[in-house]
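Visitor: sequence and predicted structure below; questions after.
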Amino acid sequence: MLMSLSGIIFGVGLIVLTQALTSGFEQFFIRTILGTDGTLRIQDRVQDSLATMELKASETDEATILGLSESRRYIEGVKHPYAIIEALKMAEHVTGVSEILRGSVILDTNFRQSWAEVYGIDIEEHMRVSNIEETVIRGSIRDFQDSPYGIMVGSVIARRNNVRVGDTVILKNGSLNQSFIVSCIYETGVDHVDRKRVFTHMSEARAILAQPFGVSYIQVNIDDPARAPVVGKVFENIFGHIVTPWQDREKVWLDVFAALRVLSAMMVSTIIIISGLGMFNTLAMIVMEKSKEIAILRSMGYTRTDISRIFLWLGFLVLLTGCVCGCIFAALSTWSVSQLPLRIRGVFSTETVVVYWSASHYLYAILASSVVVMIASYIPARRAARLEPGDIIRGTGG
Amino acid sequence: MSIKQTYQSREVLRCEGIHKYLGSGESRVHVLRGVDLSLNNSMTYAIAGPSGSGKSTLLYLLGLLDRQDKGDIFIDGQKMSSASDEERTSARNRYIGFVFQFHFLIAEFTAAENIMLPMQKLGKLSPSEMLDRAHLLLKEVGLRDKSHRLATQLSGGEQQRVAVARALANNPAVILADEPTGNLDVRNSQLVFDLLYRLAHEQGQAILMVTHNPEIANRCDATLRMMDGEFTGKTINQPTS
């Protein structure tokens, strides 16, 4: 029984630990991508032709409308962002709106030239839809705010191009050139961001990209990121632009994290299942060994229910002890693991193991243990209750 | 404090036309062939007979531990033969005490705790009252000073005396004893029998005892001889001194 108890303790502890780890990295990743690219992105649109508009009006199915794609026009970016931005700022649940103009340029430094993506932003607005201020590792975002020709450079591209704060860099787009002073270097931990993105003020981006009007997309933050798909669908219907929630944008990574979490839970659950099997064997042995005692209790007037209760109670005590000790073990091990140094760059930036504390992990572990222990106790308990006292006493009496 | 009282004679257990088969197919044996029996309170009865004559089978049927194939059993006037499992279990708790050849005490419990088990199931007494009664019964069987000993710390004779005290816990109408002295030496056999005999007459229980020991059988108030699943004779014995 002690082995079974140990199994329950370790099972509960390891389920919680693995869930805390996988959820920890997942939550951290979500925080990172929300901090970088926001919850919603309002971007390109498909302009209906007269034919598709008539079909939509007649409630024709989507497949038929898609079949007429050659008669529709795909328009990149948001040509008239200001009306949309004004409407968004008045919308319920919207906490920030930032217009962004994006384009490819060549970053020319004294050291080398390389491709970069320039992001023209209004820094005040952009700080409401991102955590860009928190990602600055060198220099100051205030310098960027104060300097019309300031530029924010990603840590990877800065390292590769040997760029330091205060250096002058040139952005080139065809025949257009513009000099900028590096105000700060940021690091999100997301490799494709830190490797390519440079931020300038919107007016300078318009100049270098030769786009006096319109924006590439509008980044929107809402108060509850989980509702982004629903809110996005509403905005899509209202504004006629494609709206991408963060869940769609990062679907691949989110699926990977979900699969990891489920797989790890399944693997660790086997510990509890094996403990349950051990407990089942132990209780079945006890039923056989204590058949005389069961018979004598039955002869005294104890009912079948009383007998099964004894074994169910035994199972419950093991479960209770296992869950309490398991949860303590889980909390201690989760805290210990969270103190371990682990440098990760690529999908996010961290220096230690990331864990996520959630009561749901403990509830899941307790639920899984309860189901296993209940089954492991119920079958021997039922067997004990079915023993016929006369048969046992007659057999023992010889 | 004494539990000695005087009881008027009345029937506490009766069975009529009991038939019982054991086994199945070709090995099916007709163990009991229409047995009739009536037990009165404050009386000791012995069933004597050769092995395989159906003595113990009858005892277990009367103790509601097994079901007869035919016939009726009445305990304290209530027909138990067609009762549900729950009703029979409850009747065992209220009306019947068992003493077996092997004491069947719960090894992990003390003598007093073993005696309290039937009382706890009946649920009529408070814990302190149950403990008091357990001590009283242990005093009756001469083991008051060993009430806190575990069953494993008692000798064979002492364990069987505790089993007798346990059988008396709920003051049952009938005590059914299956060779209660079969596993004891002569001295302890005498001790346990004297105890059962005395308590039956003092507390008013009917005692039905299966025994191979002719001396013990002859000391009971009545001896019933059994052969091939039937009673073949009944002897009323002289009162024991």
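Guide: That came through, no problem. It should be emphasised that the depicted structure is a prediction, and the values quoted were computed from it without experimental measurement. Residues are numbered from 1 along each chain as shown, chains lettered A, B, ... in the order given.
Visitor: surely A:Asn131 is in contact with A:Gly35?
Guide: Yes: contact between A:Asn131 and A:Gly35 holds when scored by CB atoms under 8 Å: they sit 3.4 Å apart. All C-beta spots, glycine's among them, are computed from the backbone N, C-alpha and C.
Visitor: which residue of these two possesses the greater neighbour count?
Guide: With neighbours defined as other CB atoms under 10 Å in any protein chain shown, A:Asn131 and A:Gly35 compare such that A:Gly35 has more, 20 against 13.
Visitor: tell me if that one really is in a helix.
Guide: Yes: under DSSP: H, G, I helix; E, B strand; the rest coil, A:Gly35 sits within a helix.
Visitor: quick check: pLDDT value at it.
Guide: Listed pLDDT for A:Gly35 reads 84.
Visitor: what about it, distance to chain B?
Guide: Counting by CB to the nearest CB, to the nearest Å, the separation of A:Gly35 from chain B is 62 Å.
Visitor: so A:Val94 bridges to which residues?
Guide: Beta bridges link A:Val94 to A:Ile222, judged by DSSP bridges.
Visitor: now it: how far from chain B?
Guide: 67 Å.
Visitor: over to A:Ile151?
Guide: From A:Ile151 to chain B the distance is 80 Å (CB to the nearest CB).
Visitor: quick one: neighbours of that residue, just the number.
Guide: 26.
Visitor: try B:Arg10
Guide: 13.
Visitor: got the contact list for it?
Guide: Applying CB atoms under 8 Å, 6 or more residues apart in numbering or on different chains, one finds that B:Arg10 lies in contact with B:Asn40, B:Asn41.
Visitor: got a pLDDT number for it?
Guide: 83.
Visitor: can you give me the helices in chain B?
Guide: In chain B, the helices defined using DSSP state H lie at B:55-62, B:85-95, B:111-122, B:127-140, B:156-167, B:186-203, B:214-219.
Visitor: out of these, which is closest to chain A?
Guide: Taking CB to the nearest CB, helix B:85-95 is the member of these nearest to chain A, at 2.2 Å.
Visitor: now what about the closest one, what contacts it?
Guide: Residues outside helix B:85-95 that contact it (CB under 8 Å, 6+ apart) are A:298-304, B:12, B:63-65, B:75-76, B:78, B:80, B:83, B:118, B:121-122, B:170, B:172-174.
Visitor: how about that helix: buried residues?
Guide: Using 16 or more other CB atoms under 10 Å in any protein chain shown as the test for burial, helix B:85-95 gives B:Arg88, B:Thr89, B:Ser90, B:Ala91, B:Arg92, B:Asn93, B:Arg94, B:Tyr95.
Visitor: which one of the residues you listed is nearest to A:Phe348?
Guide: B:Thr89 (65.0 Å; CB to CB).
Visitor: quick one: the closest one from A:Gly301, how far?
Guide: 6 Å (CB to CB, to the nearest Å).
Visitor: what's the answer for A:Leu88, then?
Guide: 76 Å.
Visitor: which one of those two is surrounded by more residues?
Guide: A count of neighbours by other CB under 10 Å puts A:Gly301 above the other of A:Leu88 and A:Gly301, at 23 against 20.
Visitor: setting aside sequence neighbours, what's the nearest residue to that one?
Guide: Of all residues not flanking A:Gly301 in the chain, B:Asn93 sits nearest, at 2.2 Å (CB to CB, 6 or more residues apart in numbering or on different chains).
Visitor: now A:Arg160
Guide: A:Arg160's closest residue in space is A:Ser114 (CB to CB, 6+ apart), at 6.6 Å.
Visitor: now for the residue lying closest to B:Ile115 once chain neighbours are set aside: which residues touch it?
Guide: Counting by CB to CB, 6+ apart, B:Ile115 lies nearest to B:Ala134, which is 4.1 Å off, once chain neighbours are set aside. Taking CB under 8 Å, 6+ apart, we find B:Ala134 in contact with B:Ala111, B:Ala112, B:Glu113, B:Ile115, B:Met116, B:Met119, B:Ser147, B:Ala165, B:Ala169.
Visitor: ok, of the residues you listed, which one's closest to A:Arg343?
Guide: Using CB to CB, those come closest to A:Arg343 at B:Glu113, 62.6 Å.
Visitor: contacts only, for the closest one.
Guide: B:Ile106, B:Ala134.
Visitor: got it, and B:Arg166?
Guide: With CB under 8 Å, 6+ apart, B:Arg166 has these contacts: A:Met300, B:Gly97, B:Leu105, B:Asn114, B:Ile115, B:Leu117, B:Pro118, B:Leu137.
Visitor: touching, A:Thr39 and A:Asp223? I think so.
Guide: No: contact criterion CB under 8 Å: A:Thr39 and A:Asp223 do not qualify, at 9.3 Å.
Visitor: tell me which of those two has more neighbours.
Guide: Shown here are A:Thr39 and A:Asp223; by other CB under 10 Å, A:Thr39 has more neighbours (28 against 11).
Visitor: any figure for the gap between the more buried one and chain B?
Guide: 63 Å.
Visitor: okay but A:Ile15 is in contact with A:Met267, surely?
Guide: No: using CB under 8 Å, A:Ile15 is not in contact with A:Met267, being 9.7 Å away.
Visitor: who has more neighbours out of those two?
Guide: A count of neighbours by other CB under 10 Å puts A:Ile15 above the other of A:Ile15 and A:Met267, at 27 against 12.
Visitor: contact partners for that one?
Guide: A:Ile15 touches A:Ala265, A:Val268, A:Ser269, A:Ile272, A:Ala330, A:His361, A:Tyr364, A:Ala365, A:Ala368, counting by CB under 8 Å, 6+ apart.
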